[in-house]
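>>> What follows is a predicted structure for the sequence shown.
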Amino acid sequence: MDIRSHIRTVPDFPKPGILFYDISTLLAHAEAWKATVETLAEAVAPHKPDLLVGIESRGFLVAAPLALALGCGFAMVRKKGKLPGQTIRYTYDLEYGTDTVEIQADAITPGQRVVVLDDLLATGGTMAAAIHLLRSVGADVTAAAFILELAFLNGRDRLDVPAEVLVSYES
Ligand SMILES: O=P(O)(O)OC[C@H]1O[C@H](OP(=O)(O)OP(=O)(O)O)[C@H](O)[C@@H]1O
Ligand SMILES: Nc1ncnc2[nH]cnc12
């Protein structure tokens with residue numbers, strides 16, 4: 001299955017000059033989406049996760065079916081202000097401004113092996129922040145995994161765990 005051919009690119013979204021990589025078309029194609037989840041499951045399984053974590057929101061779409069395929073639990077890293085109970089927050093720099101991610105303090109059993117999922121690796125800032133947050137609640141983060149990476153933005157350089165990627169865009 002050619003997963004790349006099911007990812008749509010949309011110019012000038014969300015602002016002029018940005019090429020948006022849209023996974024809606026991949027999600028809508030039953031066979032391509034099934035192959036995506038199965039291929040990611042093969043890539044992630046060797047990292048032996050106890051738990052998968054998805055980053056809001058497109059990361060949830062990837063991590064939840066993968067957790068079912070691998071027989072793992074699933075936990076959420078969310079944008080701030082959306083999780084009940086005691087939470088831990090981490091604020092990180094974006095190209096312009098800052099963003100804040102949050103997790104429930106009891107989402108991880110200390111020492112659990114965690115693989116973090118997102119749809120797309122761009123600058124790596126979001127994934128690096130999620131990994132920082134997960135470690136602060138005791139996770140042993142063994143890998144990050146993505147459907148696609150924008151390799152020309154060098155997001156892997158911001159990660160200190162292996163990154164599993166199905167489709168790489170070089171330019
Ligand atoms: O590597 P980075 O430069 O940090 O960018 C990647 C992040 O950007 C997108 O999320 P977005 O904030 O657009 O939210 P969404 O998933 O809710 O659409 C994408 O889903 C990643 O989480
Ligand atoms: N170019 C892009 N397309 C889709 N999602 C993104 N998140 C960060 N950069 C993106």
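Thanks, I have it. Ligands and ions are numbered 1, 2, ... in the order given.
>>> how distant is stretch 126-144 from the center of its chain?
Counting by C-alpha atoms, centre = their mean, to the nearest Å, stretch 126-144 is centred 11 Å from the centre of its parent chain.
>>> Give the buried residues for that stretch.
126-131, 133-134, 137, 139, 141-144 (16 or more other C-beta atoms under 10 Å). (Each C-beta comes from the backbone N, C-alpha and C, glycine too.)
>>> Which ones among those residues lie within helices?
Mapping the buried residues of stretch 126-144 onto helices (DSSP state H) picks out 126-131, 133-134.
>>> Same list (those) but as a markdown table, adding distance to ligand 1 and pLDDT.
Conversion of these to a markdown table gives the following (distance: C-beta to the nearest ligand atom, whole Å; pLDDT from 0 to 100):
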| residue | distance to ligand 1 | pLDDT |
| --- | --- | --- |
| T126 | 3 | 96 |
| M127 | 6 | 97 |
| A128 | 8 | 97 |
| A129 | 8 | 96 |
| A130 | 9 | 97 |
| I131 | 12 | 98 |
| L133 | 13 | 96 |
| L134 | 15 | 97 |
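>>> So which residues of the chain form strands?
Using DSSP state E, the strands assigned to the chain run over residues 8-11, 19-22, 51-55, 73-79, 87-93, 98-104, 113-121, 140-150, 163-169.
>>> Mind checking those for the one nearest to L61?
Nearest to L61 among the strands of the chain is strand 113-121 (6.8 Å), distances taken as C-beta to C-beta.
>>> can you pull the buried residues of the closest one?
114-121.
>>> Spatially, which two of those are the most separated?
Greatest spacing in the buried residues of strand 113-121, by C-beta to C-beta: V114 and L120 (19.3 Å).
>>> ok so, going back, looking at the buried residues of strand 113-121, which is nearest T36?
D119 (10.0 Å).
>>> the longest helix in this structure is where?
Longest helix in the chain, counting by DSSP H: helix 30-44.
>>> Enumerate the beta-bridge partners assigned to the one residue sitting closest to the centre of the chain.
Geometric centre of the chain, nearest residue: D118, 1.5 Å, by C-alpha atoms, centre = their mean. Beta-bridge pairing of D118, defined through DSSP bridges, involves F146.
>>> Which positions in the chain make contact with ligand 2?
Within the chain, the positions near ligand 2 by C-beta under 6 Å from any ligand atom are 18-21, 120, 122.
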